[in-house]
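[1] pasting the structure only:
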């Protein structure tokens, strides 16, 4: 029967509501008469006649106030206000009509009638709403909201009107809110969470703490980590304010919340120094760091922003995104999307000269350690010679400032990616000493969250698929930083450069990757499967270090480090070459690359002041294939060519 009623068209439901209101108002009047005028039965007929005259007006007022447009399940203060206004109007109209018809001394009748009509018409709607909400909540997941402030209340209201989650309890650190009720939902204290989960059958915890510091969020997550249910959060305050996300768009816990490190507000003077009203060029503009640099740069009003990128798809994406951003914020910035590779000096110089570039952020590089190990020659050409050509083009074009995006893997490198980035640093250091037209500086930092090579999205996807979560080594640690913070610090560091400076970003505390994986598993409401918990949900599998991978990353080679005017940027004084020695090294390296002599490349890099500690044999795929083909050409190994070539894929493991 209930299902049939709920399935009726809206017009039929409105007709039923009107009929029910007529019945209840008639019932209220008769009941009020019997309670207050039982000794005046002779007047009942006239009173009913007058009431019938007032009834259409009352219903018209209900209709005009939108009472019959309100959906019972979502009825709120407006609908109840319409009931109250309609009943009061009916009472006033009755008073006027009673006076007109000479019916006197009926104040008590009108008062009791109004009270009964309000209780029946309004109360019935509230009861119906409560019943329908309870019925609707039966299939919804029961959740606990951590945070009973403004955001928590908005989230609870949104969830109540949704179809997925049913908020059954709040938890808040504020002792003045504890043991109270908000929106009909009780508020508990954080130490009670475990018992509340059991008592209310809670299946999920939702964090409604968009404004608190990351340090505080980390404390909360540490306390929730061991609970056997998933933890999610609402979007940050900036996303809510700019309207990009709704408060009920729940997210998995962000890795920056686990790190617990709050970004330092950028210094406007440093951010503007090399950007405002200048022509700025970003190489590798479509990459993780390059694209974020572009987003940050356009906010500081450059005259022109040149996007230099090899990938057509990446260039199109970032150009479209920035064009939309410029239009939305009504910025006076001209975008120049240019396709090209940093391995062609003439192309770089032509672009820099044509647009009179004043500041260059060189983010174009190959950064994936295993891929560079498999492609050593191309890695060296792109990272070392690409940086050299870009720097020479900058000098010839009169560029004022050139900032290289470097990496912590350039410090005592154990892989060719890190070694090639250290060589690119040496190139700029030598050029900075050789000339004074262009100020060169380098900025080193560790892993950035959300980049194309970040482990975080990989772990999350592996957990969702049921595991295993793959970690290369149980003791491996890494430094992490968000991409926006890294880009801001790069821009500010570049503004402090005097020439040949190596800047190092404060990456905070290092993170043990195995612990990070386990925390992500726990916060998604699952249990790690190991020897202690053989029936757990997700296994953490250790696959072994990849070619050239280090257990520990460093940011400094020596101890000569000094502070700067920014608390999270340090300057390092490190070994360098003069330009004559550097040029000779580059010529030898170029010859080895042209000959595809990987062994010689490695030796040249080892002999340079890179502190290069290469581990194991080269994994270059072409070199390995050549070796296999040479071996298979011997009579004893004829017929084994295909097998040996296929075996190269084992290097990828």
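    Yep, that arrived. Please read all numbers here as calculations on a predicted model, not as lab measurements.

[2] roughly how far is stretch 532-540 from the heart of the chain?
    Here stretch 532-540 is found 29 Å from its chain centre; the criterion is C-alpha atoms, centre = their mean, to the nearest Å.

[3] for it, buried residues please.
    538, 540 (16 or more other C-beta atoms under 10 Å). Heads up, the C-betas are built off the backbone N, CA and C, glycines and all.

[4] what's the answer for stretch 88-105, then?
    For stretch 88-105, by 16+ other C-beta under 10 Å, it's 89-91, 93-94, 97-98, 103.

[5] got it, and stretch 17-24?
    Neighbour-count burial for stretch 17-24, counted by 16+ other C-beta under 10 Å, picks out 17, 21, 24.

[6] stretch 191-199 too?
    193, 196-197.

[7] repeat that for stretch 214-226.
    214, 217-218, 220-221, 224-225.

[8] before we move on, what about stretch 502-513?
    For stretch 502-513, by 16+ other C-beta under 10 Å, it's 502-507, 511, 513.

[9] just put those residues in JSON lines and tack on pLDDT.
    Listed next are the buried residues of stretch 502-513 as JSON lines, based on pLDDT from 0 to 100:
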{"residue": "502", "pLDDT": "87"}
{"residue": "503", "pLDDT": "87"}
{"residue": "504", "pLDDT": "83"}
{"residue": "505", "pLDDT": "80"}
{"residue": "506", "pLDDT": "75"}
{"residue": "507", "pLDDT": "70"}
{"residue": "511", "pLDDT": "78"}
{"residue": "513", "pLDDT": "84"}
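
[10] residue 59: which of the residues you listed is nearest?
    residue 511 (67.0 Å; C-beta to C-beta).

[11] on that earlier part again, hmm, which of the buried residues of stretch 88-105 is lowest in pLDDT?
    Within the buried residues of stretch 88-105, pLDDT reaches its minimum at residue 103, with 77.

[12] wait, what's in contact with that residue?
    Residues in contact with residue 103 (C-beta atoms under 8 Å, 6 or more residues apart in numbering) are 43, 46-47, 50.

[13] select the longest helix from this protein.
    As assigned by DSSP state H, the longest helix anywhere in the chain is helix 10-36.

[14] ok, back up a step: format the buried residues of stretch 191-199 as a markdown table; extra columns: distance to residue 113, pLDDT and secondary structure.
    Listed next are these as a markdown table, based on distance: C-beta to C-beta, whole Å; pLDDT from 0 to 100; DSSP: H, G, I helix; E, B strand; the rest coil:
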| residue | distance to residue 113 | pLDDT | secondary structure |
| --- | --- | --- | --- |
| 193 | 50 | 91 | helix |
| 196 | 46 | 91 | helix |
| 197 | 49 | 91 | helix |
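
[15] hmm, back to that, now the two most distant members of the buried residues of stretch 88-105.
    Counting by C-beta to C-beta, the most remote pair of the buried residues of stretch 88-105 is 89 and 103, 18.6 Å apart.

[16] report the secondary structure state of residue 176.
    On the three-state scheme (DSSP: H, G, I helix; E, B strand; the rest coil), residue 176 is labelled coil.

[17] I'd like to know how many residues surround it.
    For residue 176, the tally of surrounding residues (other C-beta atoms under 10 Å) stands at 8.

[18] any idea how far it lies from residue 189?
    12 Å (C-beta to C-beta, to the nearest Å).

[19] do residue 149 as well
    Applying C-beta to C-beta, the value for residue 149 to residue 189 is 15 Å.

[20] hmm, back to that, ok, so of the buried residues of stretch 88-105, who is nearest residue 338?
    For the buried residues of stretch 88-105, the nearest to residue 338 is residue 89 (71.1 Å; C-beta to C-beta).

[21] distance to residue 168 and secondary structure for the buried residues of stretch 88-105 - can I get that in a markdown table?
    Shown next, in a markdown table, are the buried residues of stretch 88-105 (distance: C-beta to C-beta, whole Å; DSSP: H, G, I helix; E, B strand; the rest coil):
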| residue | distance to residue 168 | secondary structure |
| --- | --- | --- |
| 89 | 39 | helix |
| 90 | 39 | helix |
| 91 | 40 | helix |
| 93 | 44 | helix |
| 94 | 44 | helix |
| 97 | 49 | helix |
| 98 | 50 | helix |
| 103 | 53 | coil |
